[in-house]
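Colleague: output the structure for:
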Amino acid sequence: MKVFLVVLAAALLPACATLRGGVGDDAERVRLWQQAHDAMSHDSFRIAAASFQRLTAEWPRTYEGHESRFFLGVLALEPRSGVDLQAAEEHLGIYLAEDSLRKTPSYHDREAETLLQLVRQLRSPCEVRARGLECDTRVVTQTVPGDPAPPAGGAAEAARLRRQLAERDATISELREELQRIRNTLAPRRPQQEE
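Modeller: Numbers count the residues shown, from 1 in each chain. Now for the predicted structure:
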């Protein structure tokens, strides 16, 4: 019976290696990697993110699994798919932390460091951000119920506006009279009828 179990185990071990970590595994990993990049180049961000997530989950210690962290951070910053600063910071932080162990080669260290610093600046309060990343100043107006107090010098301004309005009305009246006079001059006269 023991011999039978040993032979059975010896027969099944290569099959397990093929399913998990063998040649078939490499082909699936490369296919996912290509699928993720193809989806990303066609702006299919959810498909790309799902493929990169699977690569990081199933093959974290491979080139594709490690580099997928960087691309997940980049996708989290993509405005067309919805920016998630927290997810970007997490993915880029893990990418750089894994790189510090030097277990897998990294090809986007500088980019990841720059993006991570940018994300941290954007997540920080406006008043402590680096120059160029400050928040826009907002003007907030508030309507106070009731009669507002007239502003200083408001009476003089109101008198000036009334004077301008009266002058404008007088000019309009004069122009109307002139227009009527011109119409009367240009209008054909009717001959008088004889009785």
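Colleague: going forward, measure contacts and count neighbours with C-alpha atoms only.
Modeller: Fine.
Colleague: quickly note the distance from the residue sitting nearest the centre point of the chain to Thr185.
Modeller: Note on the chain: the residue nearest the mean C-alpha position is Pro79, at 3.2 Å, using CA atoms, centre = their mean. In this structure, Pro79 and Thr185 are 70 Å apart, going by CA to CA, to the nearest Å.
Colleague: can you check Val74 too?
Modeller: To Thr185, Val74 is 80 Å away according to CA to CA.
Colleague: one more: Arg54?
Modeller: Using CA to CA, Arg54 is found at 91 Å from Thr185.
Colleague: who has more neighbours, the two?
Modeller: Taking other CA atoms under 10 Å, Arg54 and Thr185 do not tie; Arg54 has more neighbours (18 against 10).
Colleague: so where does that one fall, helix or strand?
Modeller: Element membership of Arg54, judged by DSSP states H and E, is helix 45-58.
Colleague: so how far is that helix off the chain centroid?
Modeller: A distance of 21 Å separates the centroid of the chain from that of helix 45-58, by CA atoms, centre = their mean, to the nearest Å.
Colleague: so which bits of it are buried?
Modeller: By neighbour count on 16 or more other CA atoms under 10 Å, the buried set for helix 45-58 is 45, 47-49, 51-56.
Colleague: how about Leu116, phi and psi?
Modeller: Comment: the main-chain dihedrals of Leu116 come out as phi -60, psi -40, following degrees, to the nearest 10.
Colleague: just the pLDDT for it.
Modeller: In the predicted model, Leu116 carries a pLDDT score of 90.
Colleague: ok, the one 3 residues further on next?
Modeller: pLDDT recorded at Val119 is 90.
Colleague: and Gln192, by the same measure?
Modeller: pLDDT, Gln192: 66.
Colleague: pretty sure Glu89 is touching Leu122, no?
Modeller: No: in this structure Glu89 lies outside contact range of Leu122 using CA atoms under 8 Å: 10.5 Å.
Colleague: give me the more crowded residue out of those two.
Modeller: Neighbours around Glu89 and Leu122, counted as other CA under 10 Å, are more numerous at Glu89. The numbers are 23 against 16.
Colleague: which neighbouring elements make contact with the helix or strand the more buried one falls within?
Modeller: Taking DSSP H and E as the definition, one finds Glu89 inside helix 85-100. Helix 85-100 sits against helix 63-76, helix 109-123, with contacts defined as 3 or more CA pairs under 8 Å, 6 or more residues apart in numbering; DSSP states H and E.
Colleague: good, wrapping up.
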